[in-house]
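Student: sequence? don't have it. structure:
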């Protein structure tokens, strides 16, 4: 936690220094564009480091997440209902992000200020029409898919591989344990890569300001205000849907989740709030057996705040580069994000990794992602708190469906005991 706090401080320092250096370059250098070009070399290096970890990270985390759910026959109706709820919540979150970013169009303020050639990442990019999406959905070779960072193909193979590992059962335990080790190693590598984030922020911000002046900074404030407004709407939607199933008890649930949500907000980590979330759900009346099953799955498959941010931020970057995405392309992107956002729990700045993996698939310059890096911590605070609320509501609703939710009177007896 202290390391994460230090990294956030360094990123903010990098942001401030980048603004100052960019302003000096813009006002004092004869050719500030050359300074921006030199800074783009640093951003290119950072982007390549991010891309380097995507394939093994997605494969290992997603396979382990699915395999640990157990055999489908054992998971039974609880697993089906849980995943069904997660699917509906994912569609709701992703759709809200798309609606708001198209309504507010925050990226238009940067239009004309971004160089489309900045910081290329050597990814194989496609326009991803419906035909191309279907054709490239299934890999002809997973090795080729990984070598080219074809994220969709990696996800599809991981889904099959993880499901098969769960079906095999005990014989696959050694392999799943090995992949779990790979996942932990890749998380450590991700942590190493993120140590370069303050330098990348400095380079990205100073380069943009050197070329375009301080006027572009107002976009940050507008973007954050619009995103937080979207988070408030998403909370209202989650509480409303919870009210449909839990009636008036939804307010008692939110009261129990208030402390873990605040912890997640202050630390910008929904994982840090996991123990308190589980404890709050049990106080609310969810049986431990069900809470211990649904909540961990939710931390991999039901990151509502992060998913809303993915669509909001991806289209924002497209708008900043003047790339207009049709309704069909945005729907396709939503399907891509529905897959790529799964299994990424616990990854530092996981949303940025998912966004980076998605941008290249739609021919959107990945360098635009760096514009958000300086304020990502403040956005992550809201995302993390929302993830806690979303998973808490999901667990309580599934418990209600399964008759595993104690009545208010029973809850009081348990507390008294």
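Tutor: Perfect, thanks for sending it. Here the structure is a predicted model, which means the values were calculated and not measured. Numbers count the residues shown, from 1 in each chain.

Student: residues near the spatially closest residue to residue 249 that is not a sequence neighbour, how many?
Tutor: Leaving out its chain neighbours, the residue that sits closest to residue 249 by C-beta to C-beta, 6 or more residues apart in numbering is residue 408, at 7.1 Å. C-beta: built from backbone N, CA, C; applies to glycine. Around residue 408 there are 11 other residues, counting by other C-beta atoms under 10 Å.

Student: Distance of residue 408 relative to residue 108?
Tutor: 50 Å (C-beta to C-beta, to the nearest Å).

Student: and what of residue 337?
Tutor: For residue 337 relative to residue 108 (C-beta to C-beta), the value is 22 Å.

Student: Looking at these two, which one has more neighbours?
Tutor: Applying other C-beta under 10 Å to residue 337 and residue 108 shows that residue 337 carries more neighbours, namely 24 against 13.

Student: related to what we said a few turns ago, quick check, the residue nearest to residue 249 in contact with residue 285.
Tutor: Yes - applying C-beta atoms under 8 Å as the test, residue 408 and residue 285 come out as touching, 7.3 Å apart.

Student: so who does residue 139 touch?
Tutor: Going by C-beta atoms under 8 Å, 6 or more residues apart in numbering, residue 139 touches 145, 150, 153, 154, 156, 157.

Student: Which of these fall within strands?
Tutor: Judged by DSSP state E, strands contain none of the contacts of residue 139.

Student: so which one among those residues has the lowest pLDDT?
Tutor: Least confident of the contacts of residue 139 in the model: residue 150, at 69.

Student: okay, now residue 262: neighbour count?
Tutor: Neighbours of residue 262 (other C-beta under 10 Å): 14.

Student: Tell me how far the most centrally placed residue in the chain lies from residue 311.
Tutor: Closest to where the C-alpha atoms of the chain average out (C-alpha atoms, centre = their mean) is residue 351, at 2.8 Å. Distance, residue 351 to residue 311, using C-beta to C-beta: 11 Å.

Student: go on, residue 170?
Tutor: Residue 170 is 40 Å from residue 311, by C-beta to C-beta.

Student: between the two, which one's more packed in?
Tutor: Comparing residue 170 with residue 311 by other C-beta under 10 Å, the one with more neighbours is residue 311, at 27 against 6.

Student: next structured bit after the lengthiest helix in the chain?
Tutor: Using DSSP state H to define each element, the chain has its longest helix at helix 32-67. Next along the chain after helix 32-67, taking DSSP states H and E as the criterion, comes helix 72-104.

Student: can you give me the helices for the stretch 301-417 of the chain?
Tutor: Remark: helices assigned in the stretch 301-417 of the chain by DSSP state H, counting those that start in this stretch are 304-320, 327-340, 350-359, 370-373, 376-401, 408-416.

Student: Where does the prediction get shaky in the stretch 51-200 of the chain?
Tutor: 65, 68-76, 112-136, 150-152 (pLDDT under 70).

Student: mind running it again at 50?
Tutor: 74, 116-129 (pLDDT under 50).

Student: Show me the shaky parts of the stretch 251-400 of the chain.
Tutor: Checking the stretch 251-400 of the chain against pLDDT under 50 turns up 346, 348.

Student: What about residue 48, how many residues nearby?
Tutor: 16.

Student: which residues touch residue 351?
Tutor: Per C-beta under 8 Å, 6+ apart, neighbours of residue 351: 306, 309, 310, 313, 376, 380, 383.

Student: Quick check: closest non-adjacent residue to it.
Tutor: residue 306 (4.8 Å).

Student: Roughly how far does that neighbour sit from residue 213?
Tutor: 33 Å.

Student: between these two, who's got more neighbours?
Tutor: Neighbour comparison, residue 306 and residue 213: the larger count goes to residue 306, with 25 against 15 (by other C-beta under 10 Å).

Student: Tell me the buried residues in the helix or strand harbouring residue 11?
Tutor: Assignment of secondary structure by DSSP H and E places residue 11 within helix 2-28. Under the neighbour-count criterion of 16 or more other C-beta atoms under 10 Å, helix 2-28 has 4, 7-8, 10-12, 14-15, 18-19, 21-23, 25-26 buried.

Student: Pick the one among the residues you listed closest to residue 390.
Tutor: residue 4 (21.7 Å; C-beta to C-beta).

Student: Next one: the closest one, what pLDDT does it get?
Tutor: 58.

Student: Residue 34 too?
Tutor: 88.

Student: ok, now how distant is it from residue 211?
Tutor: 10 Å.
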